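Colleague: Okay, sequence plus prediction incoming.
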Amino acid sequence: MTSLQGASKKKGVALLAILLAFALLAASCSQDSDTTEDTTATTVAADTGTAEETTAPAPAPFNGTEPVKIAVVQNSGAGDYFQQWTNGAKQQADALGIEYTWYDAQADNAKQATDMETAIGTGVAGIVVDHGQTDTMCPLINDALEAGIFVVIYDIAIQECAPGAVQTQQSDASLADLTLGQMYEDIGGDENVGYVNILGIAPLDRRHVVWEEYTAESPWAQQFFVGEFTNSVATDNAQLVDAALKANPDIRAIFAPYDELTKGTVSAINDNGLSETVWAYGIDISNADIEVMTAEGSPWKATATTDPNAIGAAVMRTMILELAGQQVDRLVDFPGVLVTQDFLVSNEIKNMVDLRAAMPELNLSAVQSADWIPSIEF
Amino acid sequence: MSKNEQATDAQLPEAKHHIDFRNLVVRYGFIAVTVFFFVFFYATIPAFRLSTTMLSMLKFTSVVAIAGLGVTITMVVGGLDLSVGSIAGMSVTVAAMTMVIYGQQGSVAIVAVLIAGALIGAFNAFLIVILKIPDLLATLATMFLVQGLKLIPVEGQSVSSGLILRDGSVAPGKFTEGFLQINRGTIGAVSYPVIIFAVLTLATWFFLSRTKWGRIMYAIGSNPEAARLAGARVGRYKALAYMISGVFAAIAGLILSSRIGQGDISAGSSLLLDAVAVALVGTSVLGANKPNALGTALGAILIGILLTGTTMMNFPFYWQDVVKGLVLLVALILSYTLSDKKQRHVEAVPT
């Protein structure tokens, strides 16, 4: 009997455990709307945009009583950049009362393909595709277009294989051109220079093209070209640049067109005590980068960048224009802005919030907009 | 209770006149959870009701389920195959190399992938049966080996059409239209991956439950020594199980590569945990309390339903792992905490 009682006690505990599990599952459903709002709230706390006033009534399909439904098929929403991008895109969609389903494939290309199929199947009016592989997404983008769904993509090369979709991208060429133009202004033409980059990564390849143009046209003599992609880009590339600097201490500047590479370059320059004579030029900016750039005697003289929040919102505005039949171009480039060390120091800029306040052009709120779109300003 | 009574109860639960609540939970709890969520999503999400949503959910599930079926077979013989994710990932690279770099037809790629999968399975079997390394550790080593080795011929790059080869020439081939049909092709509204999934589920179920070999596999998983004494060639059955698992993982990889359309080197990286999870979840379905094909398929479908439903309700992505964890936990409670059957493998040893 004792053993039987013991057994039934165990049964009770087990039943309790299973009920708890069910309760948890049920709770996770019933709190759905709360959960989503909570996460938005925490993100928004960092980068809340304000919607501009509109001066014209919205055209179809935004003038009906039914909300316009779209899907966003994202390759990955994780990481600082994509969190901000997503934040901007969601705020812009919310400002027009668009109803969206957000698919996040967590960097799984096969999952993104099925997400796209599901999105097409749900019969939304438009689909925004954020990143992904051309080979994977192109046939599906064409499926969507055939089904009468408008497609706007961000940063995938699809112009050739899916000419009906709108391709948007941040202009890597303009970013590289801005920072290299500043470098040319600072050091002049007839100098030895170094180069740090990782080829085989689409945006870095596009920046590389501009570098090749500059070195071909100017008398800059490239003394070294290093760079490798690892899990800790800054630290590992600092070693490479360190070795290159020891072999070529007579260079005047280094172009490292990705902020992790620039940070590695800066630390190598500092370690070799060359910050007076060797300057660094980069691309991208973050709170940490601002700290490095504004440090006493920092060799990082200039960088070119965009605000991912503003880019996300501008991509969403492109979708909005496309849905309203007002998007003509099939390729949209979002321009970058140049941020110099002088500008940061003289305006006492300590972080991204200061920078956005001092550089309203980071906002892009006039880009891809219309008088009936409440553009989000960050 | 004597052992005899217990056996009779398990076989004839309806013979009992009073309702045993715990038994009901163990037998039908999992099905009830599946039905509950299906109805819940069906009622609350308009897009969930579409047949296209259901079919693309099944299509997404098929890859995990097929790899899970392979894991199920290795679990039946008392092991576990941790290399399925790597094998599927390797298949993507092998398929891409065959077609893009060597310019071969899709059919050649399919054969190459299946052979590669069977070979890795045979290598696992060699480690486990001949070198006597425990299953988990052997397949863990294989997992790393395959993951790294597949990158050597492609120098860590994803193989896509237009790839520049080492000698400066452009890769001659591309993913053939026929090969892409593995994922895109349909019979009626049902796509090939779903059909492959259904066929392999039924074939595995038939093999494990309706053939002598299947029953011997269960006996080996339950007590390899007893099975050996009873005359079963334990080593051969284990080897067979790992080779089937390797081939199933390769089939999952074929669908993946057809879906991605290039030799994505990160493909399959999330597959292992999902496949093992659905195989574990499968043990609890219908109170079977042993790895079984139908359970694995149903487990994969439940997880598919939950992922589709929560995505459509705009849950943030990190909820997906919470959902998977909870499903697995419920399944484990059903099989370990609530079930009568203390042993995972209850089939009698043939004498």
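Modeller: Here it is on my side, so go on. Numbers count the residues shown, from 1 in each chain, chains lettered A, B, ... in the order given.
Colleague: Extract the residue ranges of chain B that are flagged as low pLDDT.
Modeller: Scanning chain B for pLDDT under 70 picks out the ranges B:1-19, B:340-351.
Colleague: Any idea which residue is closest to the centre of it?
Modeller: Nearest to the mean C-alpha position of chain B, by Cα atoms, centre = their mean, lies B:G68 at 1.2 Å.
Colleague: Name all residues that make contact with the closest residue in space to that one that isn't next to it in sequence.
Modeller: Leaving aside its sequence neighbours, B:G68 sits nearest to B:V278 (Cβ to Cβ, 6 or more residues apart in numbering or on different chains; 3.9 Å). (Each C-beta comes from the backbone N, C-alpha and C, glycine too.) With contact taken as Cβ atoms under 8 Å, 6 or more residues apart in numbering or on different chains, B:V278 is in contact with B:V64, B:A65, B:G68, B:T296, B:G299, B:A300, B:I303.
Colleague: which among those residues end up buried?
Modeller: Taking 16 or more other Cβ atoms under 10 Å in any protein chain shown as the criterion, what is buried in the contacts of B:V278 is B:V64, B:A65, B:G68, B:T296, B:G299, B:A300, B:I303.
Colleague: who in the stretch 151-300 of chain B is up against chain A?
Modeller: B:157-158, B:160-161, B:175, B:180, B:183-184, B:256, B:259-262, B:264, B:266-267, B:269-270 (Cβ under 8 Å from any Cβ of the partner chain).
Colleague: mind listing what's buried in the one helix or strand the residue nearest to B:G68 maps to?
Modeller: For B:V278, the element it lies in under DSSP states H and E is helix B:271-284. For helix B:271-284, the neighbour count (16+ other Cβ under 10 Å) marks B:271-272, B:274-284 as buried.
Colleague: sorry, back to before: and which of the contacts of B:V278 is nearest A:A173?
Modeller: B:V64 (41.0 Å; Cβ to Cβ).
Colleague: Could you pull up the contacting residues of the closest residue to the closest one other than its chain neighbours?
Modeller: Once flanking residues are discounted, B:V64 sits nearest to B:D274: 4.5 Å by Cβ to Cβ, 6+ apart. Counting by Cβ under 8 Å, 6+ apart, B:D274 touches B:V64, B:A67, B:G68, B:I303, B:K324.
Colleague: Pull the most distant pair out of those.
Modeller: For these, and using Cβ to Cβ, no pair is farther apart than B:A67 and B:K324, which are 14.8 Å apart.
Colleague: So if I had to pick from these two, which one is more boxed in?
Modeller: Each of B:A67 and B:K324 has its neighbours counted (other Cβ atoms under 10 Å in any protein chain shown); B:A67 has more, 34 against 18.
Colleague: distance between the strand or helix carrying the more buried one and the chain's centre?
Modeller: Using DSSP H and E, B:A67 sits within helix B:51-76. Relative to the mean C-alpha coordinate of its chain, helix B:51-76 is positioned 6 Å out (Cα atoms, centre = their mean, to the nearest Å).
Colleague: what helices or strands is that helix leaning on?
Modeller: Applying 3 or more Cβ pairs under 8 Å, 6 or more residues apart in numbering or on different chains; DSSP states H and E, one finds that helix B:51-76 contacts helix A:109-121, helix B:84-96, strand B:190-191, helix B:192-210, helix B:212-222, helix B:234-260, helix B:271-284, helix B:293-312.
Colleague: circling back: quick one: which of the buried residues of helix B:271-284 is nearest to chain A?
Modeller: Taking Cβ to the nearest Cβ as the measure, chain A lies nearest B:L271 of those, at 9.1 Å.
Colleague: Number of residues surrounding the closest residue in space to the closest one that isn't next to it in sequence?
Modeller: What sits nearest to B:L271 in space, not counting adjacent residues and going by Cβ to Cβ, 6+ apart, is B:G85, at 4.1 Å. Per other Cβ under 10 Å, the neighbour tally for B:G85 reads 26.
Colleague: now swap in A:E53 and tell me
Modeller: A:E53 sits with 7 neighbouring residues when counted by other Cβ under 10 Å.
Colleague: Name the nearest residue to it, sequence neighbours excluded.
Modeller: Per Cβ to Cβ, 6+ apart, closest to A:E53 is A:P374, 7.2 Å.
Colleague: try A:Q112
Modeller: Residue nearest to A:Q112 in three dimensions, not counting chain neighbours: A:A105, with 3.7 Å by Cβ to Cβ, 6+ apart.
Colleague: Would you mind identifying the next helix or strand past the lowest-mean-pLDDT helix or strand in chain A?
Modeller: Taking mean pLDDT, DSSP states H and E as the measure, the helices and strands of chain A show their lowest mean at helix A:32-46, namely a mean of 38. Helices and strands here follow DSSP H and E; after helix A:32-46, the next one along the chain is strand A:50-51.
Colleague: That following strand - contacts with which helices or strands?
Modeller: The contact analysis (3+ Cβ pairs under 8 Å, 6+ apart) places strand A:50-51 against strand A:376-377.
Colleague: just to revisit the earlier point, in three-state terms, label the residue nearest to A:E53 for me.
Modeller: Judged by DSSP: H, G, I helix; E, B strand; the rest coil, the three-state class of A:P374 is coil.
Colleague: can you count the residues close to it?
Modeller: 20.
Colleague: what do you get for B:L114?
Modeller: Residues contacting B:L114 under the criterion other Cβ under 10 Å number 18.
Colleague: if I pick it, what's in contact with it?
Modeller: Contacts of B:L114 (Cβ under 8 Å, 6+ apart): B:V247, B:A250, B:I251, B:L254.
Colleague: now the helix or strand hosting it against helix B:51-76, angle please.
Modeller: Under DSSP H and E, the secondary-structure element containing B:L114 is helix B:106-125. Computed by axes from the mean of the first three to the mean of the last three Cα atoms, to 10 degrees, the angle separating helix B:106-125 from helix B:51-76 equals 30 degrees.
Colleague: Would you mind listing the buried residues in helix B:106-125?
Modeller: For helix B:106-125, the neighbour count (16+ other Cβ under 10 Å) marks B:106, B:108-110, B:112-114, B:116-118, B:120-121, B:123-125 as buried.
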